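Trainee: What follows is a predicted protein model with its sequence.
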Amino acid sequence: MNIFAVLISSIRIWREKRKLILERKTGRFEMENPQGVPEAIIQVDVDDTSQYDFALFFRHGTALDLAAKEVRSIKSWGRGTAAIVPQDELLKHSNNINEKREAIVEQLKSVGLNIAVRPSVRDEDCRFVLVGASLSLLMRQAEYLDWELQVKESLGKHYEPFSVQSKDRFKPDSDRHFFSSLLRQHFIRTIIEGPQRHGGAELRLDELVNSGIVTKAYGLHEPELKQVLLKTWVRSVKKQPLETIRNYFGESISMYFAFLGFYAQWLFVASLVGIAAFVGSFLESDGWSNSLYSVFLAVWGTMMLNFWKRKSATLTWQWNMDNYMEKEQARPEFKGVLKTGAFFGGTWFEFDQEDQETGVQPSQSTYYSTGKRFVKIVVGMIPMALLVTGVIVITMGILTFRLYIQETGLALFGGVLGAAANAVTILILNKVYEKLAVLITNWENHRTQSSYDNMIILKTFLFQFVNSYISLYYIAFVKNRTSLWGLSQFTDKCSYMPISTTSYGCFFDLTIQVATMLGINIFVGQAQEVILPWVITRLKRCFGKHRDESTWPQYEKDALKEPYQSTVSDFNELVIQFGFLMLFAAAFPLAPAMALLNNFIEIRTDALKLLVEFNRPSYRGCNGIGVWYDIMEFIGVIGVLTNCLLITLTHRTLQDLFQNDMILVIIVALGLEHFLLFLKFLVSILIPDQPASVRAAKAKQEWMEEEAVKTLRDRRWNVDSRSDVLVQSVT
């Protein structure tokens, strides 16, 4: 009978758990005090700031002194949802900024967060509001988010959705904390920005910062772990500690550094071959070294991307990010109307009468019409197209300026000056376009951060592809027989090649342009990412009243750092660099060596800026590098076509071989192009997307899940059968 009772209890628990999972998937969640979570106030030392993971910084915030005493929630879990006021109504309550700030602090307290107000040690007019959360509150937020954590090694080390009732199954982050500081910050931020119906404070931090009500909102750096990363990552030339990086910054940033390191390894091979091709170009005059290097780059790029896909699949599996897109939460900035339905797996669905019969109560979720968003995307293309047209006009103007300089007899100087002017213009226009792309994408109102980032990436890359490479295509294929603006005095020609009927581009000029633009991009990129933030931070510290930071608390140090947005700009630099290599490195075979040196330094400088010069980024997951992979695949295909045209029209290798028989040259070039595209397709088929170990692990997990379901079904059938027998025997 004891076994019988245990089985019945197990079935009931299983049913309740499945019901809870369904409720979380559809957005319905009852806010109740979990079993075993104490109701009493948690008392801690008022001066202990190690318990706080998040901070709000207020300039001219002395009015917050009224709340300077240590404030604890009435219950360690109980969120006072009745006291929650939507942000728009809260901010309309008063025109006085101090009253608005006090209302924000009260809002944070009412949802159960631990709050402490601290004065600034460098400016007596500034205040910090430190935000923390009790373990019980963090656990319930993890359960609400359906957050998956790794179970203990004795239970298999796999990932499961966190549950308060089964919290002993999960592996703690350390002896001091159950959750890592990264997850604590993420859970706190989701509570602050979460909707009222799910127990959140419904405060959109980015909007509060942009309006000036909150000067800054940021997660705090963890000094001990930061020192570990500085030692094992920034100051080390060994393999990157990806797991430690992931625990400190999250999967999105870790995946960026994983790709950066992988890309650098493959650049080493391209650099060796490129150096050999560069030396060979001086030993022979036919251009065969450059032509063969064009073919090599097409194959190299294909192999690199396909092997990265395998590496990415391994990391995604190890980090439990396979289904991240389905689990991704809505952005706090996402707006719409409340509608009965739910958004799951990238699709919106509505509840009907049949769904209610399953026992799952219908819930309301924020809905925004896909059709409206599509119209906005189309309308947003108009200013983008105008800017692309403007880039073409500006490029023509720079080319005209270069021709004017060359007419004075300074041919080489005019070429270098024109290339430098073009590179600087590209960098300036890129920044202008990025700002416009952000404004338009904000207007489009995307639901998830991934879809938002993808639209930013696509808009930015479309512009930067034209902005970065249009002058190179002009020099490679058009320059030697073109009259700009239809004026004979502006007839363009190669610097060291006379106009001929068989040459359509200028190979030497292309070499100068690629080398100059790549060099300037590398230098300016490093200056923007490292030197400029360093200068800004030092200026802030110099103008502060206290310059000795050794006695400052961590939240005060972090307040002077610059916010880090995302990996979009970092990836964008890499992809533009990849485009230079795949499209035009045959004209300058030393380009991969320059890129390798830059990326070796980039790993350390990017790591340093994240740890020292920037605020700790908010958590972001990922299941790969996303749309960047598709963009690089696109560049690879365009690279095949471009390099075949270089061999045909610019290198003059095939022209000299077939004695300027252009029909035969074009036939050979088309055959080479078809062969390289077929080779790309063949490689993608022969190299599996996932390693055998990952495929086996996934198959094993699916089998175990199916067996577990079968076992529960069999136990339920046995229990029901015994119950029927007992009922019949009693009657």
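Mentor: Looks like it arrived, so ask away.
Trainee: Please, where are all the strands along this protein?
Mentor: For the chain, applying DSSP state E gives strands covering 54-58, 114-119, 127-132, 148-150, 159-161, 216-219, 337-344, 347-350, 364-367, 482-483, 491-492.
Trainee: okay if I get the ones you listed as JSON lines plus distance to residue 677?
Mentor: In this view, the C-beta of every residue, glycine as well, is placed from N, C-alpha and C. Listed next are those as JSON lines, based on distance: least, C-beta to C-beta, whole Å:
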{"stretch": "strand 54-58", "distance to residue 677": "51"}
{"stretch": "strand 114-119", "distance to residue 677": "60"}
{"stretch": "strand 127-132", "distance to residue 677": "55"}
{"stretch": "strand 148-150", "distance to residue 677": "41"}
{"stretch": "strand 159-161", "distance to residue 677": "40"}
{"stretch": "strand 216-219", "distance to residue 677": "47"}
{"stretch": "strand 337-344", "distance to residue 677": "39"}
{"stretch": "strand 347-350", "distance to residue 677": "34"}
{"stretch": "strand 364-367", "distance to residue 677": "43"}
{"stretch": "strand 482-483", "distance to residue 677": "29"}
{"stretch": "strand 491-492", "distance to residue 677": "32"}
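Trainee: Which residue is the nearest non-sequential neighbour of the most centrally placed residue in the chain?
Mentor: Nearest to the mean C-alpha position of the chain, counting by C-alpha atoms, centre = their mean, stands residue 567 at 4.5 Å. Distance criterion C-beta to C-beta, 6 or more residues apart in numbering; nearest residue to residue 567, sequence neighbours excluded, is residue 256 at 4.4 Å.
Trainee: how many other residues sit next to the one you found?
Mentor: Counted with other C-beta atoms under 10 Å, the neighbours of residue 256 add up to 22.
Trainee: My guess is it contacts residue 570. True?
Mentor: Yes. With contact defined as C-beta atoms under 8 Å, residue 256 reaches residue 570; the gap is 6.0 Å.
Trainee: and residue 565, how far is that from residue 429?
Mentor: Per C-beta to C-beta, to the nearest Å, residue 565 is found 19 Å from residue 429.
Trainee: neighbour count winner among these two?
Mentor: residue 429 (20 against 12).
Trainee: which non-adjacent residue is nearest the more buried one?
Mentor: Closest residue to residue 429 apart from its sequence neighbours, by C-beta to C-beta, 6+ apart: residue 467 at 5.6 Å.
Trainee: got a list of what that neighbour touches?
Mentor: Shown in contact with residue 467 (C-beta atoms under 8 Å, 6 or more residues apart in numbering): 391, 426, 429-430, 433.
Trainee: Against residue 156, how distant is it?
Mentor: Per C-beta to C-beta, residue 467 is found 51 Å from residue 156.
Trainee: One more: residue 210?
Mentor: Separation of residue 210 from residue 156 (C-beta to C-beta): 46 Å.
Trainee: repeat for residue 190
Mentor: Note on residue 190: its distance to residue 156, by C-beta to C-beta, is 28 Å.
Trainee: and what of residue 474?
Mentor: From residue 474 over to residue 156 the distance is 60 Å, taken as C-beta to C-beta.
Trainee: which one of these two has more residues nearby?
Mentor: Taking neighbours as other C-beta under 10 Å, residue 474 and residue 156 compare with residue 474 leading, 21 against 12.
Trainee: which residues sit against stretch 686-695?
Mentor: The contact list for stretch 686-695, computed with C-beta under 8 Å, 6+ apart, reads 306-307, 309-310, 313-314, 317, 698.
Trainee: repeat that for 7 Å
Mentor: Contact partners of stretch 686-695, identified using C-beta atoms under 7 Å, 6 or more residues apart in numbering, comprise 306-307, 309-310, 313-314, 317.
Trainee: which two in these are spaced the farthest apart?
Mentor: Farthest pair in the contacts of stretch 686-695 (C-beta to C-beta) is 306 and 317. Separation: 17.4 Å.
Trainee: since we're on the closest residue to residue 278 other than its chain neighbours, how many residues are nearby?
Mentor: Leaving aside its chain neighbours, residue 278 sits nearest to residue 589 (4.2 Å; criterion: C-beta to C-beta, 6+ apart). Burial of residue 589 is recorded as 26 neighbouring residues (other C-beta under 10 Å).
Trainee: thinking residue 589 is in contact with residue 272, fair?
Mentor: No. The pair residue 589 / residue 272 is not scored as a contact, 10.6 Å apart, by C-beta atoms under 7 Å.
Trainee: what's near enough to touch residue 592?
Mentor: 267, 270-271, 274, 581, 585 are the contacts of residue 592 under C-beta under 7 Å, 6+ apart.
Trainee: Of those, which is the most crowded?
Mentor: Sorting the contacts of residue 592 by how many neighbours each has (other C-beta under 10 Å) puts residue 585 first, at 29 neighbours.
Trainee: ok, now how distant is the closest residue to that one other than its chain neighbours from residue 583?
Mentor: Once flanking residues are discounted, residue 585 sits nearest to residue 591: 4.2 Å by C-beta to C-beta, 6+ apart. To residue 583, residue 591 is 10 Å away according to C-beta to C-beta.
Trainee: so which of the contacts of stretch 686-695 comes closest to residue 282?
Mentor: Using C-beta to C-beta, residue 307 comes nearest to residue 282 of these, at 32.5 Å.
Trainee: Skip the chain neighbours and tell me the closest residue to the closest one.
Mentor: That would be residue 687: by C-beta to C-beta, 6+ apart, it lies 6.9 Å from residue 307.
Trainee: Provide the count of other residues in contact range of the one you found.
Mentor: Residue 687 has 14 neighbours, counted by other C-beta under 10 Å.
Trainee: From residue 189, how far off is residue 424?
Mentor: For residue 424, the distance to residue 189 equals 39 Å [C-beta to C-beta].
Trainee: before we move on, what about residue 268?
Mentor: Separation of residue 268 from residue 189 (C-beta to C-beta) stands at 40 Å.
Trainee: next one: residue 163
Mentor: Separation of residue 163 from residue 189 (C-beta to C-beta): 22 Å.
Trainee: And for residue 123?
Mentor: Distance from residue 123 to residue 189, by C-beta to C-beta: 26 Å.
Trainee: Then residue 245?
Mentor: 20 Å.
Trainee: Which one's more surrounded, the two?
Mentor: Between residue 245 and residue 189, counting by other C-beta under 10 Å, residue 245 is the more crowded of the two (22 against 19).
Trainee: Not counting sequence-adjacent ones, nearest residue to residue 250?
Mentor: Nearest to residue 250 is residue 619, by C-beta to C-beta, 6+ apart, at 4.5 Å.
Trainee: who's in contact with that neighbour?
Mentor: Going by C-beta under 7 Å, 6+ apart, residue 619 touches 182, 185-186, 250.
Trainee: For stretch 119-137, output the C-alpha coordinates as CSV.
Mentor: Below are the C-alpha coordinates for stretch 119-137, written out as CSV (Å, rounded to 0.1, in the frame of the first residue of the first chain):
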residue,chain,number,x,y,z
PRO,A,119,25.5,59.1,-1.5
SER,A,120,28.3,59.6,-4.0
VAL,A,121,31.9,59.9,-2.6
ARG,A,122,33.0,62.1,-5.5
ASP,A,123,29.9,64.4,-5.9
GLU,A,124,27.7,65.2,-2.9
ASP,A,125,24.8,66.1,-5.3
CYS,A,126,24.6,62.5,-6.8
ARG,A,127,22.9,59.5,-5.4
PHE,A,128,22.9,55.7,-6.1
VAL,A,129,20.0,53.4,-5.7
LEU,A,130,21.3,49.9,-5.2
VAL,A,131,19.0,47.1,-6.1
GLY,A,132,19.1,43.5,-5.0
ALA,A,133,16.8,40.5,-4.6
SER,A,134,16.4,37.8,-2.0
LEU,A,135,17.1,34.2,-3.0
SER,A,136,13.4,33.3,-2.8
LEU,A,137,12.5,36.1,-5.2
